[in-house]
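> predicted model and sequence follow; I will ask about them next.
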Amino acid sequence: MIVYLIASIDSIIMKPPYNITPKILKLISIISEKLGEINANFLDKPSPTLRKQNKIKTIHSSLKIEGNTLTEEQITALLENKRVIGPQKDIQEVLNAIKVYEKLDSYQSTNGKSFLKAHKKLMSGLIEKPGEYRKQGVGIVKGSKVEHLAPPFERVPFLMQDLFDYLKTEEIELIKSCVFHYEMEFIHPFIDGNGRMGRLWQTLILTDKHPIFEYLPFETLISADQAKYYKTLSECDKLGQSTKFIEYMLEVIDNSLNSLLSFNNRNFNRTERLEYFKSLNKIEFTRKDYMDIFKDISSSTATRDLKTGLELSILSKKGENNKTTYTITGHNNI
């Protein structure tokens, strides 16, 4: 699956096979615009409550794809160190995933050793020798048919190194993350845990460039239509390139951003809105700025929110009527 372009006598640039289609270019443009809107509205810094909810959704969805039976409520309980009754394997998978996602910033997306370290933690207690590339041939069987025969195990370290070298090229992260996800699935470097590692590492690659992706559970959309996910992987195997998977994953990412941008703020009560707005660290703002974040509330509700913020010494204000501005005081009395 790997092709090489000779850039000079001294260097060889590895490039997995894919084409940049008009659809890919359009999706990249749309996604870039939405990322700009997210940054402009400070939505790239979700509140602690929203971060926790999204982490739970990410872990639940990624493991559900692999057959894990625990619910979001059970995962929440495990995250809060509470006892949960369920299959021991499923509980272990969740505990491992919590440890990895909580320390996501400790992993380096372009580093193969970091990749193995993450797999070791993710699969600890679930397989023999986690964190090591497979030492045997593997294939994916559906029914009586071999759906995918992975490359010989002897080639795995070299193929993976080529893939990490590709991550260091100038290709944009949106594309690189999708290509890595697909190519890693094709190489199938581990006995088990390949799917969850592909999704984890795509998140990490994207997070390096756009921190919001740490809190964007696009795995939820993959989980909602697993058949399409596996069908797209299979189509790319037959075509010998990842173009269709890039298109598919960019659509998933775009829909995930839509969910964030259209987040229904009416699910927040007054305290939660103030907590969320405080986390955005805006230096000075008006009531209109406040309503630009919470688009579903009325002007009277915004006024009551801000009055509560003043009463709790969360906010201070200057000016009157339409010249009123507010400042976060730094007090944490919510």
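Thanks, I have it. Source: prediction; values computed, not measured.

> sketch out the low-pLDDT regions of this protein for me.
When the per-residue scores of the chain are filtered using pLDDT under 70, the ranges that remain are 1-14, 40-47, 141-144, 146-147, 262-267, 330-334.

> secondary structure element for the residue positioned nearest the centre of it?
The structure's the chain has its C-alpha centroid closest to residue 203; by Cα atoms, centre = their mean the separation is 3.8 Å. Assignment of secondary structure by DSSP states H and E places residue 203 within helix 194-209.

> got the buried residues for that helix?
194-208 (16 or more other Cβ atoms under 10 Å). Where you see a C-beta, it was placed from the backbone N, CA and C, and this is true even at glycine.

> show residues contacting that helix.
Contacts with helix 194-209, where a contact means Cβ atoms under 8 Å, 6 or more residues apart in numbering, come from 58, 62-63, 65-66, 97, 100-101, 104-105, 107, 109, 115, 118-119, 122, 167, 173-174, 176-178, 180-182, 184-185, 188, 190, 213-214, 218-219, 222, 249, 253.

> mind checking how far that helix is from the chain centre?
Here the centre of helix 194-209 is set off from its chain's centre by 7 Å, with Cα atoms, centre = their mean, to the nearest Å.

> export the following helix or strand past that helix to CSV, keeping only CA atoms.
Downstream of helix 194-209, the next assigned helix or strand under DSSP H and E is helix 219-224. The C-alpha trace of helix 219-224 is given here as CSV (Å, rounded to 0.1, in the frame of the first residue of the first chain):
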residue,chain,number,x,y,z
GLU,A,219,-16.4,8.0,17.0
THR,A,220,-20.1,8.4,18.0
LEU,A,221,-21.0,8.9,14.3
ILE,A,222,-18.9,6.0,13.2
SER,A,223,-20.6,3.8,15.8
ALA,A,224,-24.0,4.9,14.6
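
> neighbouring contacts of the helix or strand that helix 219-224 is followed by?
Per DSSP H and E, helix 219-224 leads on to helix 226-239 as the next helix or strand towards the C-terminus. Under the criterion Cβ under 8 Å, 6+ apart, residues 65, 147, 148, 182, 185, 186, 222, 242, 243, 244, 245, 248 lie in contact with helix 226-239.

> can we see that at 10 Å?
In this structure, residues lying in contact with helix 226-239 by Cβ atoms under 10 Å, 6 or more residues apart in numbering are 1, 17-18, 61, 64-65, 140, 142, 147-149, 181-183, 185-186, 195, 198-199, 219, 221-223, 225, 242-249, 251-252.

> picking that back up, now the helix holding residue 203 against helix 226-239, angle please.
90 degrees (axes from the mean of the first three to the mean of the last three Cα atoms, to 10 degrees).

> now do the same contact list for the closest residue in space to residue 250 that isn't next to it in sequence.
Across the structure, with Cβ to Cβ, 6 or more residues apart in numbering as the measure, the residue nearest residue 250 apart from its sequence neighbours is residue 27 (4.0 Å). Residues near residue 27 by Cβ under 10 Å, 6+ apart: 21, 174, 246, 247, 249, 250, 251, 253, 254.

> assumed residue 27 was part of a strand.
No: counting by DSSP: H, G, I helix; E, B strand; the rest coil, one finds residue 27 to be helix, located in no strand.

> separation between it and residue 20?
In this view, residue 27 and residue 20 are 11 Å apart by Cβ to Cβ, to the nearest Å.

> likewise for residue 295?
The spacing between residue 295 and residue 20, counted by Cβ to Cβ, is 35 Å.

> can you check residue 67 too?
Distance of residue 67 to residue 20, computed by Cβ to Cβ: 35 Å.

> quick one, which of the two is more surrounded?
With other Cβ atoms under 10 Å as the criterion, residue 67 and residue 20 differ in neighbour count, and residue 20 comes out ahead with 12 against 9.

> helix/strand/coil for that one?
Following three-state DSSP, residue 20 is assigned to coil.

> tell me how many other residues surround residue 273.
For residue 273, the tally of surrounding residues (other Cβ under 10 Å) stands at 22.

> that one: helix or strand, and which one exactly?
Taking DSSP H and E as the definition, residue 273 sits inside helix 270-279.

> go on, residue 54?
Taking DSSP H and E as the criterion, the element that holds residue 54 is helix 48-65.

> the helix or strand just after that helix vs helix 48-65, what angle?
The C-terminal neighbour of helix 48-65 among helices and strands, as given by DSSP H and E, is helix 72-79. The directions of helix 72-79 and helix 48-65 differ by 110 degrees, with the same axes, to 10 degrees as the criterion.
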